[in-house]
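Student: the following block contains a protein sequence and its predicted model.
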Amino acid sequence: MNDQHDPIRPGALPKTIVLVGLMGAGKSCIGRRLAARLDVPFIDADNEIEKAAGLTIAEIFEKYGEVSFREGERRVMNRLLHATPCVLASGGGAFMDPDTRKLIKENATSLWLRAELDTLVARTKGRGHRPLLNSGDPREKLQELMNVRYPVYAEADVAVDTGMDNPNVTTSRALDALEKHFGAPLATVP
Ligand code: S3P
């Protein structure tokens, strides 16, 4: 840590923190806790896409297809990344889109929640709202996505391992990693 830097005060985040990671990594769960500790708003990009479209993600995929969904996602991410700094949970595919990734790199600090396959399988099991996991074997699909996406997620500014541990433990780990990245103490609320 570099004590030449002033502490970052609660509510005074210099840039948005974007959580990146596969479905089931815990982006919303950890993001909500991180936002509370930093005293900034938490925003879930998938919810914002659903609000803007007036449809669920599953309905957007079904009616208009994935390409259309990605366009909407890009527009919503662009809007959110130019608004007040917050903690923003992105959908698992957002960082894979070159334009959205560029936007994140230019306007935010990205934090990859890196999870193993068993964690992702356990956390997504029995939940039908993710179109990419609704056909075929979810474990195989998640493994395929890990192979393609993890090398790109690795471009995130910060990586934090997450497993089946208590979310508060992962949140503290994320705060430590962010402090190291910023080179400044992060003052948090309990
Ligand atoms: C997707 C992840 C989902 C959602 C959509 C596509 C993906 O978000 O954006 O179903 O491509 O990985 P979560 O990662 O929040 O589940």
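Tutor: That came in fine, so what should we check first?
Student: quick one: name the residues of the protein near the ligand.
Tutor: The chain has residues 23, 27, 46, 57, 91-93, 130-132 near the ligand, with proximity defined as CB under 6 Å from any ligand atom. Every C-beta, even on glycine, is put in place using the N, C-alpha and C of the backbone.
Student: make it 5 Å
Tutor: With CB under 5 Å from any ligand atom as the criterion, the chain comes near the ligand at residues 23, 46, 57, 91-93, 130.
Student: where does pLDDT dip in the protein?
Tutor: Residue ranges of the chain with pLDDT under 70: 1-4.
Student: quick one, helices of it?
Tutor: 27-38, 45-53, 57-64, 66-81, 98-107, 117-124, 138-153, 167-182 (DSSP state H).
Student: next, count neighbours for G26.
Tutor: The number of residues packed near G26 is 24, by other CB atoms under 10 Å.
Student: then the one 4 residues further on?
Tutor: When neighbours are defined as other CB under 10 Å, I30 has 24 of them.
Student: can we start the residue count at 3 from this point?
Tutor: Okay, using 3 as the starting number, the last item reads as I32.
Student: surely it and L115 touch.
Tutor: Yes - using CB atoms under 8 Å, I32 is in contact with L115, at 6.2 Å.
Student: hey, which strand is longest across the chain?
Tutor: strand 110-117 (DSSP state E).
Student: so which of the helices of the chain gets nearest P9?
Tutor: Proximity to P9 (CB to CB) singles out helix 169-184 among the helices of the chain, at 9.5 Å.
Student: can you report how many residues neighbour R116?
Tutor: Counted with other CB under 10 Å, residues neighbouring R116 total 20.
Student: ditto for G95
Tutor: G95 has 17 nearby residues by other CB under 10 Å.
Student: now do it against V171, distance only.
Tutor: From G95 across to V171, the span is 27 Å (CB to CB, to the nearest Å).
Student: just A158 next, same as before
Tutor: For A158, the distance to V171 - CB to CB - is 20 Å.
Student: and what of R11?
Tutor: R11 sits at a distance of 24 Å from V171 (criterion: CB to CB).
Student: report the distance from the longest strand of the chain to the chain centre.
Tutor: Strand 110-117 has its C-alpha centroid displaced from the chain centroid by 6 Å (CA atoms, centre = their mean, to the nearest Å).
Student: can you check stretch 84-99 too?
Tutor: The mean C-alpha position of stretch 84-99 is separated from the chain mean by 6 Å, CA atoms, centre = their mean.
Student: C-alpha coordinates for it, PDB please?
Tutor: Taking Å, rounded to 0.1, in the frame of the first residue of the first chain, the C-alpha atoms of stretch 84-99 are listed here in PDB:
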ATOM      1  CA  HIS A  84     -21.100   7.300 -17.600                       C
ATOM      2  CA  ALA A  85     -23.200   7.800 -14.500                       C
ATOM      3  CA  THR A  86     -22.300   8.300 -10.800                       C
ATOM      4  CA  PRO A  87     -19.700   5.900  -9.600                       C
ATOM      5  CA  CYS A  88     -21.200   2.700  -8.200                       C
ATOM      6  CA  VAL A  89     -20.600  -1.000  -7.900                       C
ATOM      7  CA  LEU A  90     -22.000  -2.500 -11.100                       C
ATOM      8  CA  ALA A  91     -22.600  -6.200 -11.500                       C
ATOM      9  CA  SER A  92     -22.300  -7.000 -15.200                       C
ATOM     10  CA  GLY A  93     -23.800 -10.000 -17.000                       C
ATOM     11  CA  GLY A  94     -21.400 -12.800 -17.600                       C
ATOM     12  CA  GLY A  95     -21.000 -12.000 -21.300                       C
ATOM     13  CA  ALA A  96     -20.600  -8.300 -21.100                       C
ATOM     14  CA  PHE A  97     -16.800  -8.200 -20.700                       C
ATOM     15  CA  MET A  98     -16.500 -10.600 -23.700                       C
ATOM     16  CA  ASP A  99     -17.900  -8.000 -26.000                       C
END
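Student: no further questions, thank you.
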